[in-house]
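Undergrad: Compute the structure for the input listed below.
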Amino acid sequence: MVVLFGAACGSGSGDAGTSDGTAEPGTGSGGSTGDVVVTTGAESTGGATTTAGTTGDESTGGDDTGPEVPAAYEKWLKVEVPGTVCGNGSQYKFFVNYKEGAKDLLIYLEPGGACWDYAGCSGKSDLGAAHPDGIPDNLLNAASPSASITPLIRRNLEGPTKDWNMIFLPYCTGDVHTGNNVITYTDPEGVGPDLEFHHAGHTNILGASEWMAKQFPELDRLFVTGCSAGGAGSLINYYFLRSKLAAKRGYMMDDAGPIFPSSGFSNPLHTKIRSSWNVDSIFSELPAGFPITDDFGVLNTHLADIFPKDRLSTIFFQRDYNYSRYSYENFFDANAKPDIMSYWAADTDLLVDLYETRDNLGYYLPYWRSFNDSHCVSIASYLDTDIEELNMNLADYIDELFDDKAPMGRYMESVQPEEDN
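TA: Residues are numbered from 1 along each chain as shown. Below is the predicted model:
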């Protein structure tokens, strides 16, 4: 199944290796000093059940006067908010990792494909979605690939976010963290039972954001990011997270989940998910005045205008052969790799032109790397994310993203015909 790095990904070859101090996938602590601390079921403020330490004692805090006192620092702690669910109806859960004294918060949205039909949501399709059976409690233990999915959530690596508070939002709803629909999918072959699926990404985000607003009432900086489905989710949910959390500065990096203008080859996909995921009901919650339902790509400029002082970016490889397959393969008869890549290139040009219209929109678009079919730039390590002709790599770009005095960077590598052939 083509889903993502760390949860049954595409068939990309090669090794992410090590570069600039980052580690190979699956190594290191992943920002944790031990396994995930499992919940005891103690109620927290805001009605959530949160972790309560490794001894099984109830969590401290738990009243309505302020944030709950963390059960531990620099460990991944599980949080469950009542009313949030996975696609199969099981309890949704997310994870928090506190840094004592930190006033900055990183929110990372997990990748994991997407689904909008019986085959994809039941796990029978090559193009499916992550965690069809719900989220395990040990998703972020020290040995899990998810715990080292990106240097951005690794405390044992130097980087701009290593000393931030961190939230990891798992993905189990098949809707790039943004659906608002319960739908029954029927097996077209008439063999399997009907599948009731909860595209509940939006409810989960709102529930998590309510908890975060209580737990982090004052922030200096908020950084929302993720890759693939999590990248698209970071863009689509930025308004809801940013407007709920009181942060002095906001940053967003959509990795390998671009929301292209609907005037291009992504139009059939946009039409399909409108019905399956009921996204129009979510767009109706955004401030009025922008024709999101007519062109999903306007969401990029919409956010830039709502938050003109925030720094918003999109990054992806120009030869990404994973997200591009989801975008076009089910919707066009001509869907060999050269066809898919031609659609992706045309949509990329539309997005670049759109980003040029706002000063606070930036992009970083290297050409290709062998690892993971060129899918997701910020996972595993930053090896082979260079744009040599511009003397840049992803680590440089992220540093620049947090430099409020620098213009928003826009970097696109020239076509490298000797690569990906």
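Undergrad: helices and strands around the helix or strand that contains residue 270, which ones?
TA: Here residue 270, judged by DSSP states H and E, is contained in helix 267-277. Applying 3 or more CB pairs under 8 Å, 6 or more residues apart in numbering; DSSP states H and E, one finds that helix 267-277 contacts strand 181-185, helix 323-328. Placement of C-beta: from N, CA and C, glycine included.
Undergrad: make it 10 Å
TA: strand 181-185, strand 195-199, helix 280-283, helix 323-328 (3 or more CB pairs under 10 Å, 6 or more residues apart in numbering; DSSP states H and E).
Undergrad: Please identify the deepest-packed of those.
TA: Among these, helix 323-328 has the highest mean neighbour count (mean count of other CB atoms under 10 Å), at a mean of 25.
Undergrad: Enumerate the positions of the next helix or strand after it that are buried.
TA: Note on helix 323-328: by DSSP H and E, the next helix or strand toward the C-terminus is helix 337-355. Judged by neighbour count (16 or more other CB atoms under 10 Å), helix 337-355 contains these buried residues: 340-341, 343-344, 347-348, 350-351, 354-355.
Undergrad: Need these in CSV (columns: distance to residue 116 and pLDDT).
TA: Shown next, in CSV, are these (distance: CB to CB, whole Å; pLDDT from 0 to 100):
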residue, distance to residue 116, pLDDT
340, 18, 97
341, 23, 97
343, 18, 98
344, 19, 98
347, 19, 98
348, 23, 98
350, 23, 98
351, 22, 98
354, 25, 97
355, 27, 98
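Undergrad: Identify, from these, the entry nearest to residue 164.
TA: residue 355 (26.1 Å; CB to CB).
Undergrad: Please name the nearest non-neighbouring residue to the closest one.
TA: residue 361 (4.3 Å; CB to CB, 6 or more residues apart in numbering).
Undergrad: List the contacts of the one you found.
TA: 252, 300-301, 303-304, 310-314, 351, 354-355, 408, 410 (CB atoms under 10 Å, 6 or more residues apart in numbering).
Undergrad: Identify all residues paired with it through a beta bridge.
TA: residue 312 (DSSP bridges).
Undergrad: Remind me which helix or strand residue 243 belongs to.
TA: Using DSSP H and E, residue 243 falls in helix 238-244.
Undergrad: mean confidence for the helix or strand just after that helix?
TA: Once helix 238-244 ends, the next helix or strand along the chain (criterion: DSSP H and E) is strand 247-255. Taken as a whole, strand 247-255 has a mean pLDDT of 98.
Undergrad: Mind putting the helices and strands packed on helix 267-277 into JSON lines with mean pLDDT and distance to residue 244?
TA: Listed next are the helices and strands packed on helix 267-277 as JSON lines, based on pLDDT from 0 to 100; distance: least, CB to CB, whole Å:
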{"stretch": "strand 181-185", "mean pLDDT": "95", "distance to residue 244": "22"}
{"stretch": "strand 195-199", "mean pLDDT": "96", "distance to residue 244": "21"}
{"stretch": "helix 280-283", "mean pLDDT": "84", "distance to residue 244": "15"}
{"stretch": "helix 323-328", "mean pLDDT": "94", "distance to residue 244": "27"}
